[in-house]
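> Take this sequence and fold it.
(chains A, B and C)
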Amino acid sequence: MKTALQQVFHSRKFVTGFAIFMAILLTVFLYPLIIQDEPLAILGQGNFFPPGIYVNIYDSIHSKSYVLNLKDAASKRIGKILTDQSRQDIKEWLVSYGVPEDQIDINDTESLLSQWEENYDSSISLPGMTFAKQRYFQRLDESVNGLLSSEGVVISEVNQETGNLDQTNTIDQSEYVHINEVANVRILPLGTDNFGRDVLTELVKATGVSLKIGLIAGVVATLIGLTLGLLSGYVGGLVDDIIMFVTNLFTVIPSFVLLILISFSIGQDNRGATTIAVVIGLTSWVWTARAVRSQVISLRNRDHVNLSKLSGHSTAHIILNDILPYIASYVVMALILQVSSAILSEASLSILGLGPRTTEVPTLGLMMNWAMIYQAHILGKWWAYFPVIVVIALITFSMNLMNTGLDQVFNPTLRD
Amino acid sequence: MENVILEVKDLTTKYVTRFSEDVYAVDHVSLKTAEGKTLGIAGESGCGKSTLALSLMGYYFAPLHYISGEIRINGRNISSMDPDEIRKTILGTEISYIPQAAMNALNPTQKVIHFIEDVIQAHNPKTSKKEIYELARERFEILGLPADVLQKYPVELSGGMKQRTVIATSVILCPKILIADEPSSALDVTSQKMVIKMLRDLMENGFIKSMIFITHELPLLYNVADDIMVMYAGQIVEQGTAQEVVFDPLHPYSKGLMNSIIVPENGARGVKLSAIPGTPPNLKKPPQGCRFAERCKYVQPTCKTHEIDLQESEDGRAYRCAFSQNYLRKAYKNG
Amino acid sequence: MKKYRNYFVNKLFWLLITTIFAFILNFTLPRLMPGDPVAAIMARIAQGMSNSTGMKEVYEQYAKLFGTNQPILEQFFLYIKNVFHGNFGTSFSQYPRPVSDIIRSSILWTVCLQFPAIIIGWLIGNMLGALAAYVKKGYDKVLMPVSIFVSNIPAFGMAVILLVIFGVYLRWFPTSGGYGFDLIPNASWKFIWSVIVHYQLPFWSIVLTTIGGQAIGMRSMSIYELNADYVKYSRFMGVKDKQIVGYVFRNAMLPQVTGLALSIGTMVGGALVAEIIFSYPGLGYTLLNGIMGQDYPLISAVTLIITVMVLLANFLIEIIYGLIDPRVKAAQSE
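Coordinates of the predicted model:
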């Protein structure tokens, strides 16, 4: 047994898979110790904030300011708002308003903006322009307003006694704050989702829950498969015939369909994460049963088993001592496959809207489901779904690698 | 002077395990077979017999690699030939082979006749299917196989029938030498007898000129072979006529092997059945000195430190032991 | 030929048993659970769903159609009779549209999408796997880990990735639907072109997910066959390498055919989810709508149809397999 384990850890495939899986598992355990947020706490008002660093504006105003004279600051500021696209849009508006096209130079910021200020009127509705487009130009007007000014911004507060606005501070264009001195800075490495929840925190929690679902489903499936496989392989005869008949039935009836039917029948209110896990386990034992059976049949007439029978050991004793140790590696491999396919099943089920109905914990499938319902993929909000796909792929990838590694060690005829 | 068909000199080959370790399973082996003779090769499993069988054909593919040595058929050196040339002009026509697991040696999804077509056309592309069928049918009938076997898939044949089909297929092109690797070990006694009889018929019918017969069953070897070679850990440890090696073994390993069987012939009766204790050395790291030293009853301290050469005597016998023939014979007599 | 007939009859009998079993499951599972269909209707009426008079009508029709007041066995036979008459009841969510009508409009989309996609994915995957086993160096080292990783991207993940790359960013193909939303199905070139364009992304996403698993399976089957005794024997008999490769791939393909039969259920499941991602008007999307609308008759009908389709596909593959593998015939004579 010791040498087998050593061999397993000599297999590069197994080690790679094991390392990836352990990294995922460690993150699931360690992350909540560092970031202690509720995984489903709604942080953002609005949906799909992009990933990045969020700096509190209020705190920035009150932080110590440093003057840095950077020469490209102004052009950067303009460039951020007047992109090539918005310059083109301004031209488009002006042309349809009636300014001759040859008088407009979109590369001359100053003249373009002055033409805009001169002509634009938000109350004018140009022919053929949709309402959305009109709103867009209004927003554009607001953002370009005062873009070329070199004046600072005046900060004022309401005086509690007089009710007037008192100027408390002015902020120059060349003032900066040090990010460490701002009291409230929040990093959202993966932004927020459709409900305004921190995607990373949610993802870590969801990974944990999905792994748990996978494990429960895998254990349930393996236990059923193992029991049926042992019974039909070892006892044989009528028992074997009956079990094989049932197994063959469930091999061809797609388990996916069974899963849908059962999940739907259970009803929305009863579908917890554990229930779903058990249901997945109940519908996916077939392959384990088949594999175990064929292994047991090949073991059944080996010398050591016959010897044990002749010594008058009970069936349970023989199964435990003379059969199980020899099929242990197959059972472990089957379990690994079951876990990874259960995680996939949960995800598919959730996308169909039949996933665990839970308000406390997310799962990878539910995150995918939410992202799809809110059209994150169409809207280009990659952070809401892409990390989920990557995590699912990494989990199944690592488990398959471990499995192939084990297979190479325990099943050397299939080597490469 | 007898006509030498196959002559091998100092052949060394290795195979590479999947952990990239070199195993020298054939280590400086030399042998000769003459027309009309059968050479038997004996040894425990894992001693390099099967690797030797593959190496003799001069056709190497991973994980087996050629290192050094010469293989001559009728004086023609094939070890320096181009692999495709060997495939076309040597395999099947000069040397042929019966594999160890003949049960699985035929492609399960191909009718026997179609495989024979592929074999013959690989050497003579112009032969027509009709000619091939006539040849195969005639050959099968001479060898006592029903012709309808040709139209069957291997799965439809019994174990013994499959084995005999493989033998008949192997000699379809009348090779000069046939290498049979444990051709009967997986069969029941009746099938075994038929296979052995068939192999004998091959030589009588002139389908082959000489044979190398590899087995771990010594009684069988004594019945079939004219000369016997004993292999241990990739090396030849004893060579001689069947009579000599079986009844007057020189190397302690040969002696042990002979003791481990009951030969129902005179002189061998009453010998106690005793297996040789211990296991063969790991060929990934062969031991220094005599490779049999660990298991040898007569071992001396120098055995483990000195490399021992094959000692050849003038009568054609050879053995790989530091002791003299007389010393060994005396030691065996005293038990 | 007699042996093959035995095999055929055997498989046909098996198809019959599995179909009956599928009917039983489809009938009993929902009835064993707390939310049985009648209760679901009552709940909808109680919740004051939009069309409560309509729902009452559905309920009465349902009770009559399925004989909900009769013993369970009679209900079952009634159910089977109804199914064979193509009568699946009335949809809850798309009242008063009959379920059979909804199914009829979506089944062709699914069949035309999944059948070719799975077959082509299977073929490409097998070719790549065989190539990987045979060429080994380089190809095997580099492409194999990549394709193992790709094959671990779930079907819906592949669908989303393709959709985002080719639909959202490159804008080469539309992101949803089976044809342009401004078109009405007809035989015009414009409509056919629209269908072809909409077909691409769902099709390739199913093909790609199928390829990975098949390639890996075919590769290990081929490696297994390349090490088989008959390969060694054929080589030593001087048979040409090209011919031996032919033997190997033929033999490695055969288990892949049975593999296809056994995994077709899983593949169809994955492909249904891919349909949902692309809002493709097939059974997957219909199923999603049914689930969203708590539409029991629709879900029941879709799952039954999918199961029967899978069973039929399975049967067809087994029949073809019996024709191409001589071992099947030999086994029948024992």
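> Please see if the helix or strand where residue B:87 lies touches chain C.
Assigned by DSSP states H and E, residue B:87 falls within helix B:83-89. Yes: in this structure, helix B:83-89 sits against chain C according to C-beta under 8 Å from any C-beta of the partner chain; the contacting residues are B:87, B:88. Yep, even glycine has a C-beta here, placed from its N, CA and C like the rest.
> ok now whichever helix or strand comes after that helix, how far from the chain's centre?
Elements were assigned by DSSP H and E; along the chain past helix B:83-89, the next helix or strand is strand B:95-98. With C-alpha atoms, centre = their mean, to the nearest Å as the basis, the distance from the averaged C-alpha position of strand B:95-98 to the chain average is 10 Å.
> so does strand B:95-98 get close to chain C?
Yes: if you take C-beta under 8 Å from any C-beta as the test, strand B:95-98 does meet chain C, through B:96, B:97.
> can you list contacts of the helix or strand hosting residue A:244?
Using DSSP H and E, residue A:244 maps to helix A:237-252. The set of residues external to helix A:237-252 that reach it, using C-beta atoms under 8 Å, 6 or more residues apart in numbering or on different chains, is A:228, A:231-233, A:258, A:283, A:286, A:289-290, A:293, C:14, C:17-18, C:21, C:262, C:265, C:310-311, C:314.
> Any buried residues in the next helix-or-strand element following it, and which?
Scanning forward in sequence from helix A:237-252, with DSSP H and E defining helices and strands, the next element found is helix A:255-266. Within helix A:255-266, the residues that qualify as buried by neighbour count (16 or more other C-beta atoms under 10 Å in any protein chain shown) are A:255, A:256, A:257, A:258, A:259, A:260, A:261, A:262, A:263, A:264, A:265, A:266.
> For chain C, see how far away residue A:202 is.
Distance from residue A:202 to chain C, counting by C-beta to the nearest C-beta, to the nearest Å: 18 Å.
> Setting aside sequence-adjacent positions, which residue approaches the residue in chain B that chain C sits nearest to most closely?
With distances taken as C-beta to the nearest C-beta, chain B approaches chain C most closely at residue B:91, which sits 3.6 Å away. Nearest residue to residue B:91 in three dimensions, chain neighbours excluded: residue C:238, at 3.6 Å (C-beta to C-beta, 6 or more residues apart in numbering or on different chains).
> host element of that neighbour?
Applying DSSP H and E, one finds residue C:238 in no helix or strand.
> Could you pull up the contacting residues of it?
Going by C-beta under 8 Å, 6+ apart, residue C:238 touches B:87, B:88, B:90, B:91, B:92, B:93, B:119, B:122, B:123.
> Look up how far chain A lies from the residue of chain B closest to chain C.
Summarising the geometry, the distance separating residue B:91 from chain A, computed by C-beta to the nearest C-beta, is 26 Å.
> count of neighbours near that residue?
When counting by other C-beta atoms under 10 Å in any protein chain shown, one arrives at 26 neighbours for residue B:91.
> what residues are up against it?
For residue B:91, the set of contacting residues under the criterion of C-beta under 8 Å, 6+ apart consists of B:57, B:59, B:97, C:235, C:236, C:237, C:238.
> From residue B:84, how far out is it?
Distance of residue B:91 to residue B:84, computed by C-beta to C-beta, to the nearest Å: 11 Å.
> same check, this time on residue B:63
When distances are taken as C-beta to C-beta, residue B:63 and residue B:84 turn out to be 20 Å apart.
> from the contacts of residue B:91, which has minimum pLDDT?
Of all those, the model is least confident about residue B:59, whose pLDDT is 80.
> Settle this for me: that residue is touching residue C:239, isn't it.
No: between residue B:59 and residue C:239 there is no contact, the gap being 11.6 Å when judged by C-beta atoms under 8 Å.
> More neighbours: which of these two?
A side-by-side neighbour count of residue B:59 and residue C:239, using other C-beta under 10 Å, places residue C:239 first with 25 against 22.
> could I get the buried residues of helix A:255-266 as CSV with pLDDT and distance to residue B:234?
Listed next are those as CSV, based on pLDDT from 0 to 100; distance: C-beta to C-beta, whole Å:
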residue, pLDDT, distance to residue B:234
A:255, 86, 53
A:256, 85, 55
A:257, 87, 59
A:258, 88, 58
A:259, 88, 57
A:260, 87, 62
A:261, 86, 63
A:262, 86, 62
A:263, 85, 63
A:264, 82, 67
A:265, 80, 67
A:266, 80, 66
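> Please list which of the residues you listed also come close to chain C.
When C-beta under 8 Å from any C-beta is applied, the members of the buried residues of helix A:255-266 adjacent to chain C are A:255, A:256, A:257, A:258, A:260, A:261, A:262, A:264, A:265, A:266.
> list the buried ones in the helix holding residue A:244?
Judged by neighbour count using 16+ other C-beta under 10 Å, the buried positions of helix A:237-252 are A:240, A:243, A:244, A:247, A:249, A:250, A:251, A:252.
> With stretch A:265-272 instead?
Neighbour-count burial for stretch A:265-272, counted by 16+ other C-beta under 10 Å, picks out A:265, A:266, A:267, A:271.
> so can I have a markdown table of the buried residues of helix A:237-252 showing pLDDT?
A markdown table is the format used below for the buried residues of helix A:237-252 (pLDDT from 0 to 100):
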| residue | pLDDT |
| --- | --- |
| A:240 | 90 |
| A:243 | 92 |
| A:244 | 90 |
| A:247 | 90 |
| A:249 | 87 |
| A:250 | 88 |
| A:251 | 85 |
| A:252 | 84 |
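> Relative to residue B:313, which of the ones next to chain C among the buried residues of helix A:255-266 is nearest.
Relative to residue B:313, the closest of those is residue A:255; by C-beta to C-beta it sits at 73.7 Å.
> and that closest one, what does it touch?
If a contact means C-beta under 8 Å, 6+ apart, then residue A:255 has A:283, A:284, A:286, A:345, C:265, C:266, C:269 as its contacts.
> Most neighbours out of the residues you listed, which is it?
The member of the contacts of residue A:255 surrounded by the most neighbours (other C-beta under 10 Å) is residue A:345, with 28 neighbours in all.
> Which helix in the chain has the most residues?
I'll assume chain A. The helix spanning the most residues in chain A, taking DSSP state H as the definition, is helix A:199-230.
> um, chain B though
For chain B, the helix that runs over the most residues, judged by DSSP H, is helix B:189-204.
> do that helix and chain C meet at all?
No: legend: contact between helix B:189-204 and chain C by C-beta under 8 Å from any C-beta is lacking; minimum distance shown is 15.7 Å.
> elements contacting whichever helix or strand comes after that helix?
Where DSSP H and E defines the elements, the next helix or strand beyond helix B:189-204 is strand B:210-215. Packing partners of strand B:210-215 (3 or more C-beta pairs under 8 Å, 6 or more residues apart in numbering or on different chains; DSSP states H and E): strand B:4-16, strand B:22-34, strand B:38-42, helix B:49-55, strand B:177-181, helix B:189-204, helix B:218-224.
> Now do the first one against strand B:38-42, angle only.
So that's strand B:4-16. With axes from the mean of the first three to the mean of the last three C-alpha atoms, to 10 degrees defining the directions, strand B:4-16 sits at 30 degrees from strand B:38-42.
> Now the terminal residues of stretch A:304-322, how far apart.
7 Å (C-alpha to C-alpha, to the nearest Å).
> Where do the strands of the stretch 51-200 of chain B begin and end?
Remark: strands assigned in the stretch 51-200 of chain B by DSSP state E, counting those that start in this stretch are B:64-73, B:76-77, B:95-98, B:177-181.
> how about the longest one against chain C, any contact?
It stands for strand B:64-73. No: judged by C-beta under 8 Å from any C-beta, strand B:64-73 stays clear of chain C, getting no closer than 10.2 Å.
> Give me the buried positions along that strand.
Of the residues in strand B:64-73, those buried (16+ other C-beta under 10 Å) are B:64, B:66, B:67, B:69, B:71, B:72, B:73.
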